[in-house]
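In: Below: sequence and its predicted model.
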Amino acid sequence: AALPAGTQAPPPTPHVFSDPAEIGALRRNLLAWYDRCKRDLPWRTLAATEPDADRRAYAVWVSEIMLQQTQVATVIDYYNRWMQKWPTLQALAQASLEEVNELWAGLGYYSRGKRLQEAAKKVVSELAGRMPRTAEDLQKLLPGVGRYTAGAIASISYGQATGVVDGNVIRVLCRLRCIGADSSSPAVIDQLWDMANALVDRSRPGDFNQALMELGATVCVPKAPLCRECPVKQHCRAWRRKLFGKPTPVPDVEDCGVGGCPLCPPAMEPWDSSLGVTNFPRKAAKKQPRVARTATCVLERRGCHGAPEYLIVQRPSSGLLAGLWEFPSLPLDQDLQEEKQREALADHLRAWTGWPVVAGGLRFVGEVVHIFSHIHQTYVVYSLPLDGDVTLDPALTPSRWVTEEEFHASAVSTAMKKV
Ligand code: SF4
């Protein structure tokens, strides 16, 4: 029978969990494995031992923001320092952006730290210091908190039975249920959220969600998953398919037997037996990163104690690397010849310092490549020794002279440290 307008057909059964007994078994197997094998992480300890719900939610929130796009091993040290410095929302709300950037330096995606601090201020000033108590309210009321982070905070800190979907969960669920359609498409993502909400264990939702993510991070990894050791392999359709294969692939019949199935691999790219379970998930081709070149000048002078000092300037308070400090830099047009880029940089420095900088005085040092998430950035590095003082107009750009030690303690990006 035709469905009423506006409603979607339920997904074909091979792509969902419909048997309550199987859901129960999967929860038990996954949680038993998690209890045995989980990694000891500082935010897990805090979430398990902190009696105050606001402090607990704050501790989980900080970890979730730091873990976005960053490896666990890198985050641990930053997390411990952060929680020592700002153990509560109230403490963080009083910090300056400069302090936040300094602590964040090296962790990348700097706007995360800034947004976290802005949101903490909001909780203190507008919500009387009380964290919203459900995933829905967390997402609605806290800037920078999306559906995933809200679900993680609510399930781990408050025990709300709500699922989460991040990159690890996408991979695990797509494999468990042979979902081979583009895993970044809204239709597939919606499907995965429904599945995560249906699967999440009702009495231990926070542990269940962490277990699913941990499985993706340590067992069901992207390239060479450890299926033989996997605690949920008996529920995994990709694994079963790898073991038993298919008699003969018939390209014009969809994998699950439903013609035009929206969740199967596209008909043009059917199951490839050489890939095994890594047939899933599939993603549409990534956009190429933008290529950019920037000329950077390390201005050096002798400081009052004879040690060299370097000039750093502050970036604008919005946009890429907002508010961080860097050596004076100038974005370059593509395909500019070396001579021209040197002249452009000299012009820039002259206008800005009032010092008679000539292109010939700039010494070319080398090139540094740094990959931001969406930009392939090359810094063309020059140096310029000065034997007098340069006074910059502070209204123009905040700047300061620093020793090498002070430079490393400042809020500078990893790219500038490479320079
Ligand atoms: Fe992932 Fe393999 Fe486990 Fe399936 S059996 S969930 S593919 S590790």
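Out: Thanks, I have it. Residues are numbered from 1 along each chain as shown.

In: hey, which helix is longest across the chain?
Out: helix 20-37 (DSSP state H).

In: quick one: contacts of that helix?
Out: 17, 198-199, 201, 204, 207-208, 210-212, 214-215, 218, 231-232, 234-235 (Cβ atoms under 8 Å, 6 or more residues apart in numbering). To be clear about C-beta, it is placed using only N, CA and C from the backbone, and glycine gets the same treatment.

In: Narrow these to just the buried residues.
Out: Among the contacts of helix 20-37, those buried by neighbour count (16 or more other Cβ atoms under 10 Å) are 17, 199, 201, 204, 207-208, 210-212, 214-215, 218, 231-232, 235.

In: which two from these end up farthest apart in space?
Out: Using Cβ to Cβ, the two most remote members of the buried ones among the contacts of helix 20-37 are 17 and 218, lying 22.3 Å apart.

In: and the nearest residue to residue 279 once chain neighbours are set aside, what pLDDT?
Out: Sequence neighbours aside, residue 271 is the residue nearest to residue 279 in space, at 5.5 Å (criterion: Cβ to Cβ, 6 or more residues apart in numbering). Here the pLDDT value assigned to residue 271 is 84.

In: So which of the buried ones among the contacts of helix 20-37 reach the ligand?
Out: By Cβ under 6 Å from any ligand atom, the members of those lying near the ligand are residue 232.

In: The top strand by length along the chain packs against which elements?
Out: Assignment by DSSP state E gives strand 290-302 as the longest strand of the chain. Packing partners of strand 290-302 (3 or more Cβ pairs under 8 Å, 6 or more residues apart in numbering; DSSP states H and E): strand 308-314, strand 329-332, helix 338-353, strand 375-385.

In: For the helix or strand just after the last one, name the packing helices and strands.
Out: Once the chain leaves strand 375-385, the next helix or strand it forms, by DSSP states H and E, is strand 399-402. The helices and strands touching strand 399-402, judged by 3+ Cβ pairs under 8 Å, 6+ apart, are strand 308-314.

In: repeat that for 10 Å
Out: strand 290-302, strand 308-314, strand 325-326, helix 404-409 (3 or more Cβ pairs under 10 Å, 6 or more residues apart in numbering; DSSP states H and E).

In: Touching that strand from outside, list them.
Out: Contact with strand 399-402 is made by 299-301, 303-304, 308-314, 325, 328, 352-353, 389-394, 406-410, 412, as judged by Cβ atoms under 10 Å, 6 or more residues apart in numbering.

In: Check the burial of the residue in the stretch 51-200 of the chain positioned nearest to the ligand by counting its neighbours.
Out: The stretch 51-200 of the chain approaches the ligand most closely through residue 175 (3.9 Å), counting by Cβ to the nearest ligand atom. Here the count is done by other Cβ atoms under 10 Å, and residue 175 has 28 residues near it.

In: same deal with residue 105?
Out: Around residue 105 there are 22 residues (other Cβ under 10 Å).

In: that older thread, same question for the longest strand of the chain, mean pLDDT?
Out: Mean predicted confidence for strand 290-302 is 93.

In: Give me the angle between that strand and strand 375-385.
Out: Taking axes from the mean of the first three to the mean of the last three Cα atoms, to 10 degrees, one finds that strand 290-302 is oriented at 20 degrees with respect to strand 375-385.

In: buried set for strand 290-302?
Out: Buried residues in strand 290-302 (16+ other Cβ under 10 Å): 293-299, 301.

In: Give me the pLDDT value at the nearest residue to residue 390 once chain neighbours are set aside.
Out: In this structure, residue 390 finds its nearest non-sequential neighbour in residue 353, 4.8 Å apart by Cβ to Cβ, 6+ apart. On pLDDT, residue 353 comes in at 79.

In: Give me every residue in the stretch 51-200 of the chain lying close to the ligand.
Out: 172, 175-176.

In: can you put those residues in JSON lines and add distance to residue 159, pLDDT and secondary structure?
Out: Shown next, in JSON lines, are these (distance: Cβ to Cβ, whole Å; pLDDT from 0 to 100; DSSP: H, G, I helix; E, B strand; the rest coil):
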{"residue": "172", "distance to residue 159": "22", "pLDDT": "98", "secondary structure": "helix"}
{"residue": "175", "distance to residue 159": "28", "pLDDT": "97", "secondary structure": "helix"}
{"residue": "176", "distance to residue 159": "24", "pLDDT": "97", "secondary structure": "helix"}
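
In: Let me have those in TSV, extended by distance to residue 11.
Out: Output for those, formatted as TSV (distance: Cβ to Cβ, whole Å):
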residue	distance to residue 11
172	17
175	16
176	13
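
In: Need the helices and strands packed on strand 290-302 in CSV (columns: distance to residue 76).
Out: Formatted as CSV, the helices and strands packed on strand 290-302 follow (distance: least, Cβ to Cβ, whole Å):
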stretch, distance to residue 76
strand 308-314, 29
strand 329-332, 32
helix 338-353, 40
strand 375-385, 28
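
In: Tell me which of these lies nearest to the ligand.
Out: Distance to the ligand, taken as Cβ to the nearest ligand atom, is lowest for strand 375-385 among those, at 32.1 Å.

In: Pull up the pairing partners for the closest one, direction included.
Out: strand 290-302 (parallel), strand 363-371 (antiparallel) (DSSP bridges).

In: The shortest one vs helix 338-353, what angle?
Out: Read it as strand 363-371. Counting by the same axes, to 10 degrees, strand 363-371 lies at 90 degrees to helix 338-353.

In: wait, doesn't residue 52 sit right on residue 129?
Out: No. Residue 52 lies out of contact with residue 129 (Cβ atoms under 10 Å); the separation is 11.1 Å.

In: Looking only at neighbour counts, state which of these two leads.
Out: residue 129 (15 against 10).

In: per the record, what domains does the chain have?
Out: The chain breaks down by the TED database into domains covering 20-279, 290-409.

In: what about the shortest one, how long is it end to end?
Out: Using Cα to Cα, to the nearest Å, one end of domain 290-409 lies 30 Å from the other.

In: List the buried residues for whichever helix or strand comes after the longest helix of the chain?
Out: Next along the chain after helix 20-37, taking DSSP H and E as the criterion, comes helix 42-49. Buried positions in helix 42-49, judged by neighbour count with 16+ other Cβ under 10 Å: 43-44, 46-47.

In: so residue 45 touches residue 59, yeah?
Out: Yes. Between residue 45 and residue 59 a contact is recorded at 9.3 Å, counting by Cβ under 10 Å.
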